[in-house]
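1. Predicted model follows, preceded by the sequence.
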Amino acid sequence: MRGMLKLAYKLLVNDKAKFTALLVGITFAVFLMMFVTSMFIGVLNHASSTVTNIGASMWVMDPAVQTIANSIGMPDYVLDSVRSMQGVKYAVPLYSSGALIKLPNGTYQSVTVLGLDDTSLFGRPQLIEGKIEDIYGENAFIAVHDSEFPKLGNPHVGSEMEINDHRGVIVGIARVSTSGLFGIPILYTTYKRAVEYIPNPRYTISYVLVQPKSPADIQKIKQQTAALGYLALTKADFMKRTSDFYVYQTGVGTNILIMTVISFIVGLSISGQTFYTFILENLERFGALKAIGTRSHELIGMILFQSAFTAFIGYGLGVGLCTVLITLAKLRLPSYAAMETYTNLVIAFVMVLIITAVSSYVGIRRVLQIEPFDIFRG
Amino acid sequence: MPNVAIKAAGLNKWFGEGEAKTIALRDVRLEAAFGEMVYVVGPSGSGKTTLLSVLSGILKPNSGNVSVEGIDIWALDSDQLADFRLNKIGFVFQDYHLFPRLNTAENVAIPLILRRKPWDDSINEATKYLDIVGLKGREDLPPVKLSGGEQQRVAIARAIVGQPDILIMDEPTASLDGDTGYAILKFVRENILNANRCIVVVTHDSRIYEFASRILKMEDGRLLDTEMKAA
């Protein structure tokens, strides 16, 4: 069989024009599918950046909250109630809100302020400049050094700003694992200061961050929180809830699905058509092989090999091209919202398999239909 | 007839049904022996190619039987028939049907590759046969770089590389000028035909009749009783 596969390989790659057209078609389709789904996954990942960066195991919130960015204040008794629940190791409040700051040059800039629990500083970022205890100092804020950092005027430790007529001082520069989706810089401070500096509605706790005693307690905590009239989600649940909102309630999911399907159709059309033309041009030769004594299943094997070989090379090139472009984009924009995961690799691979199967099926049908007698008749 | 290679009796073949029915073979009976070069001649549409296809296990007759070396080939299943063609029959097609994307040696090696002989061994063997047909040094050229006569020699080398007992040649001179066609058939008669091989040639080129052992004439699907004398 190896000799026959080598024969199939030579018949394929020696037809350079067709082989190139096939590769370009599949590479382009894989690239589009990968790129679109990578952007989508990247966007969803960035949409849940605060959940990732804070890192709490469980989040308690108002049941109407759909994304991390749109919190609804909860009264203080919720924190006390959660702390007294069975299975809770500890629970701390988190403040999250938008604010407007005035920079030294007189311009205004929207920011997201995260207020960490004063006692534990649970969810604190990793500092690259300054000391975390300085967050307790007067007017202290920590700026996150991500792609939005320049919007704060590239502050350093000691830089000042104005926030709602209060003086603010940068006491540390931090980095986080995932930056935000909406292009808004992030400032960390203590919960107390955030509540004090930023105008607030009656209730100020955005989320209660919970650490269960054991994974077995998660369900119990969820039930007790529900009985209280609030919602407790694990980190993964909350990220999924945020993703689901963007996927199903904003049209982003539908648009991405349409783009992916279009990429698939483009790939299928180019590859299917080119492969079919390749088969048509070699139809008489396949007929001659049949006449000489090739069995039908051997011909099927040759065609499947040609189709699969092209598809897998195209898949590799498509994934490679996508990776290079995303890497280049991230070199210029560190928080560029695109990421390749096993999920989109598998999605693209499955689609390539479908393209291969359809292209092969069309070719095989045509080859099996030809009679060796037709070769004699010319 | 001693040493019978092919024996066919009561062959009938028709295409279509009703008013569209075309009868290609009518009760054809034929025998060919090893060491013979049998020509089947006749006008276009007389059924020569159909007969060739039926004898070589490519086209099933509506009735009658064909035995090659004592094997009733139309009693074989499709895989057995494919193996029979691969191992017993060599084909030289009218249009050669060489693979333009393979070089000459690879084209010739195809029957050996189909027999699962290792690639390098097949190419080496094919190169020897190219030498036999007078194409030494042309192994690496693609068929399109060869003349019509050379392409025909490549097709002959491909047909005999597997050392088949039966060689089937369909209009071998149709695409060649007179001198080249004559030279090719002379070569086949002198170098390819041997006591263990039977060659059946379909042609209507009277210039090559002199190389035939026997000439059978076909008309309207019938093989005429009288055999023409070879020149």
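-> Thanks, I have it.
2. buried residues in the helix or strand encompassing residue A:98?
-> According to DSSP states H and E, residue A:98 maps onto strand A:88-102. Residues of strand A:88-102 classed as buried by neighbour count (16 or more other C-beta atoms under 10 Å in any protein chain shown): A:88, A:91-97, A:99, A:101. In this view, the C-beta of every residue, glycine as well, is placed from N, C-alpha and C.
3. ok, so of these, who is nearest residue B:170?
-> residue A:96 (83.8 Å; C-beta to C-beta).
4. Check whether the closest one really touches residue A:115, as I assumed.
-> Yes: Residue A:96 lies in contact with residue A:115 (C-beta atoms under 8 Å); the separation is 7.5 Å.
5. Any stretches of chain B with poor pLDDT?
-> Within chain B, the stretches with pLDDT under 70 are B:1-2, B:225-231.
6. If we use 50, what do you get?
-> Residues of chain B meeting the criterion pLDDT under 50: B:231.
7. Which other helices and strands does the strand holding residue A:98 contact?
-> Counting contacts by 3 or more C-beta pairs under 8 Å, 6 or more residues apart in numbering or on different chains; DSSP states H and E, strand A:88-102 is packed against helix A:76-83, strand A:108-116, strand A:160-163, helix A:191-197, strand A:207-212.
8. Check the gap between residue B:127 and residue A:157 for me.
-> According to C-beta to C-beta, to the nearest Å, residue B:127 and residue A:157 sit 79 Å apart.
9. In stretch A:23-31, which residues are buried?
-> A:23, A:25-31.
10. Identify all contacting residues around it.
-> Contacts with stretch A:23-31, where a contact means C-beta atoms under 8 Å, 6 or more residues apart in numbering or on different chains, come from A:263-264, A:266-271, A:274, A:310-311, A:313-315, A:317-319, A:321-322, A:348, A:351-352, A:355.
11. and the residues you listed, which are buried?
-> A:263-264, A:267-268, A:270-271, A:274, A:310-311, A:313-315, A:317-319, A:321-322, A:348, A:351-352, A:355.
12. still on that earlier bit, is it possible to get CSV of the buried residues of stretch A:23-31 that adds pLDDT, secondary structure and distance to residue A:14?
-> Converted to CSV, these look like this (pLDDT from 0 to 100; DSSP: H, G, I helix; E, B strand; the rest coil; distance: C-beta to C-beta, whole Å):
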residue, pLDDT, secondary structure, distance to residue A:14
A:23, 90, helix, 14
A:25, 85, helix, 19
A:26, 87, helix, 19
A:27, 90, helix, 20
A:28, 87, helix, 23
A:29, 85, helix, 24
A:30, 89, helix, 24
A:31, 91, helix, 26
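13. nearest to residue B:219, of those?
-> Nearest to residue B:219 among the buried residues of stretch A:23-31 is residue A:25, at 52.9 Å by C-beta to C-beta.
14. what's the nearest residue to the closest one if we skip its chain neighbours?
-> Excluding its sequence neighbours, the residue lying closest to residue A:25 (C-beta to C-beta, 6 or more residues apart in numbering or on different chains) is residue A:270, at 3.1 Å.
15. cool, and residue A:169?
-> residue A:139 (4.8 Å).
16. Equivalent analysis for residue A:326, please.
-> Leaving aside its sequence neighbours, residue A:326 sits nearest to residue A:338 (C-beta to C-beta, 6+ apart; 4.9 Å).
17. same deal with residue A:186?
-> residue A:144 (4.3 Å).
18. is it true that residue A:279 touches residue A:366?
-> Yes: between residue A:279 and residue A:366 there is a contact under C-beta under 8 Å: 5.5 Å.
19. Which of the two has more residues huddled nearby?
-> residue A:279 (22 against 15; other C-beta atoms under 10 Å in any protein chain shown).
20. So which bits of chain B are right by chain A?
-> Contacts of chain B with chain A, taken as C-beta under 8 Å from any C-beta of the partner chain, map to B:49, B:52-53, B:58-59, B:78-79, B:82-87, B:89, B:91, B:93-95, B:97, B:99, B:101-102, B:106, B:110-111, B:113-114, B:116-119, B:122, B:170.
21. Among those residues, name the buried ones.
-> Here, 16+ other C-beta under 10 Å leaves B:49, B:52-53, B:58-59, B:82-86, B:89, B:91, B:93-95, B:97, B:99, B:101-102, B:106, B:110-111, B:113-114, B:117, B:119, B:122, B:170 buried among those.
22. Which ones among the residues you listed map onto strands?
-> B:89, B:91, B:170 (DSSP state E).
23. Make sure the first one is actually in contact with residue B:168.
-> The reference is to residue B:89. Yes: between residue B:89 and residue B:168 there is a contact at 6.0 Å, judged by C-beta under 8 Å.
24. what is in contact with those two at once?
-> residue B:56.
25. which ones are touching the residue of chain B found nearest chain A?
-> Nearest residue of chain B to chain A: residue B:86, at 2.6 Å (C-beta to the nearest C-beta). Counting by C-beta under 8 Å, 6+ apart, residue B:86 touches A:292-294, B:111, B:114-115, B:162.
26. Residue A:293 too?
-> B:82-87, B:89, B:111, B:114.
27. give me that answer again for 7 Å
-> The contact partners of residue A:293, taken as C-beta atoms under 7 Å, 6 or more residues apart in numbering or on different chains, are B:82-83, B:85-86, B:114.
28. May I have the phi/psi pair for it?
-> Dihedral pair for residue A:293: phi 140, psi 20, per degrees, to the nearest 10.
29. Check the gap between it and residue A:26 for me.
-> 33 Å.
30. now residue A:7
-> Where residue A:26 is concerned, residue A:7 sits at a distance of 22 Å (C-beta to C-beta).
31. got it, and residue B:33?
-> In terms of C-beta to C-beta, residue B:33 sits 55 Å off from residue A:26.
32. what do you get for residue B:215?
-> Residue B:215 is 55 Å from residue A:26, where distance means C-beta to C-beta.
33. Next: residue B:53.
-> Taken as C-beta to C-beta, the span from residue B:53 to residue A:26 is 39 Å.
34. For chain A, just list every one of the helices.
-> In chain A, the helices defined using DSSP state H lie at A:2-13, A:16-47, A:49-54, A:76-83, A:191-197, A:217-228, A:235-249, A:252-281, A:283-292, A:296-332, A:342-369, A:372-377.
35. swap that for chain B, sorry
-> Assigned by DSSP H, the helices in chain B fall at B:48-55, B:78-88, B:104-114, B:119-132, B:148-160, B:178-187.
36. Kindly export the shortest one (C-alpha atoms) in CSV.
-> So that's helix B:48-55. Extracted in CSV, the C-alpha atoms of helix B:48-55 (Å, rounded to 0.1, in the frame of the first residue of the first chain):
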residue,chain,number,x,y,z
LYS,B,48,-13.4,-5.0,-32.3
THR,B,49,-12.9,-3.0,-29.1
THR,B,50,-15.9,-4.6,-27.4
LEU,B,51,-14.4,-8.0,-28.2
LEU,B,52,-11.0,-6.9,-26.8
SER,B,53,-12.7,-5.6,-23.6
VAL,B,54,-14.7,-8.8,-23.1
LEU,B,55,-11.6,-11.0,-23.7
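37. tilt between that helix and helix A:283-292?
-> 50 degrees (axes from the mean of the first three to the mean of the last three C-alpha atoms, to 10 degrees).
38. got a list of what the most centrally placed residue in chain B touches?
-> Central residue of chain B (C-alpha atoms, centre = their mean): residue B:168, 1.2 Å from the mean position. Residues near residue B:168 by C-beta under 7 Å, 6+ apart: B:52, B:56, B:89-91, B:200.
39. so which pair among the residues you listed is furthest apart in space?
-> So, the contacts of residue B:168 by C-beta to C-beta: farthest apart are B:52 and B:90, at 12.6 Å.
40. Quick one: name the residues of chain A near chain B.
-> Neighbours of chain B within chain A, by C-beta under 7 Å from any C-beta of the partner chain: A:3-4, A:6-7, A:10-11, A:14-15, A:284-285, A:288, A:291-295, A:372-373, A:375-378.
41. at 8 Å instead, please
-> Close to chain B, as judged by C-beta under 8 Å from any C-beta, chain A has residues A:1-4, A:6-7, A:10-11, A:14-15, A:282, A:284-285, A:287-296, A:298, A:371-373, A:375-378.
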